[in-house]
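Peer 1: Using only what follows, build the 3D model:
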Amino acid sequence: MKKNRTVAFIYAHPDDETFGCSYLIREIADGGDLPVLFTATRGDAGKTGRLGEMTREELAAKRDIELDKAVEILGITTLEQAGMGDGKLKEADPAALREQIADFLRRHEADVVVTFPEDGISGHADHIVIHHAVNDVVFGGQAPSVQKLYYNQLSSYEANTSSVVKIAENGNWDVKRRALAAHESQILSIERVFGKLGPDVPPGQQVEAFELAWERGVRYPIKAERTIFDDLN
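Peer 2: Take a look at the predicted model:
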C-alpha cells in the first residue's frame, strides 16, 4: 500500500504559494499525496488592489478569506498561519520563528519541504527571512522526517551545480488562474506578473521550476529527477 507523502510549503504571505507552486501543489493533491502550507504572516501590510482603503485588521481578515479560497482550489490539505508581523519578519525572534516552522514540519511528518531561494525570488525581506529560517531547521536536523528541500525558482531557471525539477502546466493553468483570482486584494501585483487572468496560459507560465537544495545531508546534489518524490524512503 502506497504511503501518503507530505510536502510542506513554507512561506511568508498569503499568495506566495499560488504565485510559484500552483502546478506542483495541484499535482501532489491529484496524486493522493498531502500538500500542507505554513504562512508566517496574514499579509496585512500589503496593498488592497481595487478594493479601496482598509485598515490592517480589515485587510488581514480579507486575506484570510482569500487564502482559504486558494487553498481549497489548489487542494492543500492543511493551512496554518503564525500571525507574525507582515513586513517585519526581520524584527521577529528568529528562534521563535524556527521553532514554529520545526513544530509544523514535525507534526505533519513532512517528507519534502518547498520554500524560497536565497534571494526570495523578488528580493522581499520577509521572503529572505523565511528562506534562512527553513534552512536552519532542515540543515540542523530539527525536523527529522524531512528528506529533501527544494527552492522554488523562476520558470526559466537553469542550474549547472544542482538539479532542477520542472513541473509542466498539464492543464492546470485554470487551477492556478482561479487560485490567483481568489487573492483579490493582490490583483495588481498578480497582473504585473501574469497579465490579465484569462483562459490562455501566459508566456513563461508553461512550467514551474524547483531546485533541489538538500537531500539527506547533501547540499545541491546533481541528479536527474522526474518528480520531487524520486528516491524518497
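Peer 1: any weak-confidence spans in this structure?
Peer 2: Where the chain drops to pLDDT under 70, the residues are 1-2.
Peer 1: the helices in it, which residues?
Peer 2: In the chain, helices defined by DSSP state H lie at 16-30, 56-74, 94-107, 125-139, 173-182, 187-194, listed in chain order.
Peer 1: out of the ones you listed, which comes closest to residue 145?
Peer 2: The closest approach between residue 145 and any of those, judged by CB to CB, belongs to helix 94-107 at 7.0 Å. Yep, even glycine has a C-beta here, placed from its N, CA and C like the rest.
Peer 1: hang on, the earlier thing: make CSV from the helices of the chain and add distance to residue 160 to it.
Peer 2: Rendered in CSV, the data for those read as follows (distance: least, CB to CB, whole Å):
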stretch, distance to residue 160
helix 16-30, 22
helix 56-74, 32
helix 94-107, 30
helix 125-139, 21
helix 173-182, 29
helix 187-194, 26
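Peer 1: Would you point to the one among these that's packed deepest?
Peer 2: helix 16-30 (a mean of 24; mean count of other CB atoms under 10 Å).
Peer 1: export it as PDB, just CAs?
Peer 2: Written as PDB, here are the backbone C-alpha positions of helix 16-30 (Å, rounded to 0.1, in the frame of the first residue of the first chain):
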ATOM      1  CA  ASP A  16       3.200  33.100  -2.100                       C
ATOM      2  CA  GLU A  17       2.200  29.500  -2.600                       C
ATOM      3  CA  THR A  18       0.000  30.400  -5.500                       C
ATOM      4  CA  PHE A  19       2.500  32.500  -7.400                       C
ATOM      5  CA  GLY A  20       5.200  29.900  -7.600                       C
ATOM      6  CA  CYS A  21       3.800  26.500  -6.800                       C
ATOM      7  CA  SER A  22       0.200  26.000  -8.000                       C
ATOM      8  CA  TYR A  23       1.000  23.400 -10.600                       C
ATOM      9  CA  LEU A  24       3.100  21.400  -8.200                       C
ATOM     10  CA  ILE A  25       0.600  21.600  -5.400                       C
ATOM     11  CA  ARG A  26      -2.300  20.500  -7.600                       C
ATOM     12  CA  GLU A  27      -0.200  17.600  -9.000                       C
ATOM     13  CA  ILE A  28       0.600  16.500  -5.400                       C
ATOM     14  CA  ALA A  29      -3.100  16.600  -4.400                       C
ATOM     15  CA  ASP A  30      -4.200  14.900  -7.600                       C
END
